[in-house]
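>>> Here is the input, now give the coordinates:
(2 chains)
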Protein chains: 2
Amino acid sequence: MPHALKLPAVWVPANTPFDAQGAPDAAAFLAHCKVLLDEGADGLAVFGTTSEANSLGLDERMALLEALVAGGIDPKRLMPGTGCCAIPDTVRLTRQAVKLGCAGVLMLPPFYYKGVSDDGVVDAFSRVIDEVAEEALKVFAYHIPPVAQVPVSLAALERLVAAYPKQVVGLKDSSGDWENTRAVIDAMPHLATFSGSEVFLLQNIRAGGAGCISATANVNVAGMRRVIDNEDGPQAEALQAEITTVRKAFEAVPMIPGLKAFLARKYGNPDWARPRPPLRPLDDALADGLVAVLGAIGFPVP
Amino acid sequence: MPHALKLPAVWVPANTPFDAQGAPDAAAFLAHCKVLLDEGADGLAVFGTTSEANSLGLDERMALLEALVAGGIDPKRLMPGTGCCAIPDTVRLTRQAVKLGCAGVLMLPPFYYKGVSDDGVVDAFSRVIDEVAEEALKVFAYHIPPVAQVPVSLAALERLVAAYPKQVVGLKDSSGDWENTRAVIDAMPHLATFSGSEVFLLQNIRAGGAGCISATANVNVAGMRRVIDNEDGPQAEALQAEITTVRKAFEAVPMIPGLKAFLARKYGNPDWARPRPPLRPLDDALADGLVAVLGAIGFPVP
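Numbers count the residues shown, from 1 in each chain, chains lettered A, B, ... in the order given. All right, here's what the predicted structure looks like:
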């Protein structure tokens, strides 16, 4: 029996704003998260790659999550990223998420050492789950080989699901490889398997997947919702083509700075445009070009 | 005028032992560090890649460094690794090292995001140095593209040295590319440029480099010291060939587990053999084979 998170959904890896001093701006973050839910997001996969989570200190991540819940975000709408290089750091963040009642956590494998075995990845996830020791823990494994380099392979995931059927309940597949996503859905149809890009959204939900957790949901939740709501309708393919086109516009520039440049204009707050090093803000000319392209394809621009 | 760290030297990225519960064993770590200094190491680059530093929690790293100093290791012999993905975490570890009076810190660039620009790497190092704000801080940049994937290029290093001449004083080059090391030494002869492998030790010191910071120094400080002490003697090449052969034996197996298997035998402590996930212990058969190979080439084995 699929759990609630198995329903086709859009979860947003919410971008994290920084103030003029480079510190996380908790108020602007909370406001953005509320906008995303108002726009139709099913939930918030805060502290993902797009959120620059790995550029945030442990204390910053914990303070921001507290601030969201204190600010009125239902923890059942939160799936924070908690996977660090070091198991104790992952355990600490994961325990906090469980304690706050979050729907689940999105967990990277340890990503410093490269070329590690499936055995090593399984060991690492197992250690975290054992140390957290909570049945309420719901882990969504995060497979993003283009960035983490260390994969969560289908074979590793199958072993984890077999060992921890109550805790390992889903996957975010950011491999960009639809065949991998399909193989996971086919092998474990009860799992909540999200695509990491809305380019695969219609394919994902038609195959029995859980929807998408996508960077560009920061600016286009509404478009993704329309695809889900019209999955069986005559407009489905056209609606999918629309969100794919918007995605491609953001893929044509550095993605995270591009999203932040867009949000800076949307919210009338230039601080929003600033990522944290090692990322850099988008050039103004590139930001103007991005907005012009989006406007030309009929996307509502600020 | 070259500073003291510019003298040809062997610094050891000391392996980190874990107890039967998987926690760092501070007593065994201190004992190993003392052995290394007794064997002739000039200093200890604790919390390097070989040390599984990125598998240690922030609190664990800080507690272990405190334990070394409290246990009698001269902080002038310590160059802890402090580079994390997130600037606040790097700042926190770096401040502790400065406060304890360490000789320097070995600093990775932020390594989660891939394909970042030199500008982004320079931004990140600059932010850390500005936030730590201590003239006593001595940064050795850590260039290890095979693992971190994010390089510290010669161009980025030149910009950092120009901007922070008092703080950016050295490099550990673990690229495995001698031409890169030579280019850094030629461009900035006043810098303390260490090779990341003793395979390049004689070349390094003859070119004016600072020596090596090498994984296999955990088991072969004495051999490396002999090369340095005989740099100008008739035995130099033969001594270099000896340490290269030992290195190659360890390169033939997973390096960190191989070193830990060796140290477990040396210290008669099987717990030493255990790395932390995602790394796995060396198979017993492989460990036996490694020791047999080392014995056959005349290396003193436990």
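>>> how about the strands in the stretch 151-300 of chain A?
Assigned by DSSP state E, counting those that start in this stretch, the stretch 151-300 of chain A shows strands spanning A:168-173, A:192-195, A:211-213.
>>> Provide the contact partners of the longest one at residue level.
Taking contacts as Cβ atoms under 8 Å, 6 or more residues apart in numbering or on different chains, the residues outside strand A:168-173 that touch it are A:3, A:5, A:45, A:104, A:106, A:125, A:129, A:138-144, A:152, A:157, A:160-161, A:180-181, A:184, A:191-196, A:210, A:213. The C-beta positions use only the backbone N, C-alpha and C, and glycine is treated the same way.
>>> Put the buried members of these into a ChimeraX selection.
Buried residues among those (16 or more other Cβ atoms under 10 Å in any protein chain shown), as a ChimeraX selection:
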select /A:5,45,104,106,125,129,138,139,140,141,142,143,144,152,157,160,161,180,181,184,191,192,193,194,195,196,210,213
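>>> what residues does the stretch 151-300 of chain A put near chain B?
Residues of the stretch 151-300 of chain A that fall close to chain B, judged by Cβ under 8 Å from any Cβ of the partner chain: A:276-280.
>>> neighbour-wise, which of these leads?
Neighbour counts for those, by other Cβ atoms under 10 Å in any protein chain shown, peak at A:P278, which reaches 28 neighbours.
>>> so how far is stretch A:17-25 off the chain centroid?
Distance of stretch A:17-25 from the chain centroid (Cα atoms, centre = their mean, to the nearest Å) equals 21 Å.
>>> nope, stretch A:198-211 is what I meant
15 Å.
>>> Which positions in that stretch come out as buried?
A:198-202, A:204-205, A:207-211.
>>> Quick check: end-to-end length of it?
Length of stretch A:198-211, first residue to last, Cα to Cα, to the nearest Å: 8 Å.
>>> now do stretch A:11-18
By Cα to Cα, the extent of stretch A:11-18 from end to end equals 22 Å.
>>> what's the answer for stretch A:132-148, then?
Across stretch A:132-148, the terminal residues are separated by 23 Å (Cα to Cα).
>>> Just checking it against chain B, any contact.
Yes - contact of stretch A:132-148 with chain B (Cβ under 8 Å from any Cβ) involves A:146-148.
>>> and of the buried residues of stretch A:198-211, the nearest to B:G57?
A:A210 (31.4 Å; Cβ to Cβ).
>>> Distance of the closest one relative to chain B?
Plainly put, A:A210 is 25 Å away from chain B if you go by Cβ to the nearest Cβ, to the nearest Å.
>>> Now that residue: closest residue in space, sequence neighbours ignored.
Closest residue in space to A:A210, ignoring its immediate chain neighbours: A:A192 at 3.9 Å, by Cβ to Cβ, 6 or more residues apart in numbering or on different chains.
>>> one step back: in JSON lines: the residues of stretch A:132-148 next to chain B, plus secondary structure.
Formatted as JSON lines, the residues of stretch A:132-148 next to chain B follow (DSSP: H, G, I helix; E, B strand; the rest coil):
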{"residue": "A:P146", "secondary structure": "helix"}
{"residue": "A:V147", "secondary structure": "helix"}
{"residue": "A:A148", "secondary structure": "helix"}
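>>> Closest one of those residues to chain B?
Nearest to chain B among the residues of stretch A:132-148 next to chain B is A:V147, at 5.9 Å by Cβ to the nearest Cβ.
>>> Quick one: name whatever helix or strand follows the strand or helix carrying A:A27.
Secondary structure from DSSP states H and E places A:A27 in helix A:26-38. Sequence-wise, the next helix or strand downstream of helix A:26-38 (DSSP H and E) is strand A:43-44.
>>> Return the mean pLDDT over that next one, rounded to an integer.
Across strand A:43-44, pLDDT averages out at 98.
>>> Then stretch A:288-302?
Mean pLDDT, computed over stretch A:288-302, is 96.
>>> ditto for stretch A:124-141
Mean per-residue pLDDT for stretch A:124-141: 97.
>>> got a list of contacts for that stretch?
Residues contacting stretch A:124-141 (Cβ under 8 Å, 6+ apart): A:5, A:79, A:87, A:90-91, A:94-95, A:98, A:101, A:103-107, A:109-110, A:152, A:156-157, A:160, A:163-164, A:166-172, A:192, A:194, B:22, B:277-278.
>>> From these, list the buried ones, please.
A:5, A:79, A:87, A:90-91, A:94-95, A:98, A:103-107, A:109-110, A:152, A:156-157, A:160, A:164, A:167-172, A:192, A:194, B:22, B:277-278.
>>> So which of those are in helices?
A:87, A:90-91, A:94-95, A:98, A:156-157, A:160 (DSSP state H).
>>> where does chain A dip in pLDDT?
Under the criterion pLDDT under 70, the flagged ranges of chain A are A:1-6.
>>> Now do the helices in it.
Going by DSSP H, chain A shows helices at A:26-38, A:58-70, A:87-99, A:118-132, A:145-148, A:154-163, A:178-187, A:201-206, A:217-229, A:236-251, A:255-266, A:284-296.
>>> Specify which member of the ones in helices among the buried ones among the contacts of stretch A:124-141 is nearest to chain B.
A:I87 (6.6 Å).
>>> can you list the residues of the stretch 1-150 of chain A near chain B?
By Cβ under 8 Å from any Cβ, the residues of the stretch 1-150 of chain A that approach chain B are A:22, A:49, A:54-60, A:85-89, A:92, A:109-114, A:116-117, A:119-121, A:123-124, A:126-127, A:146-150.
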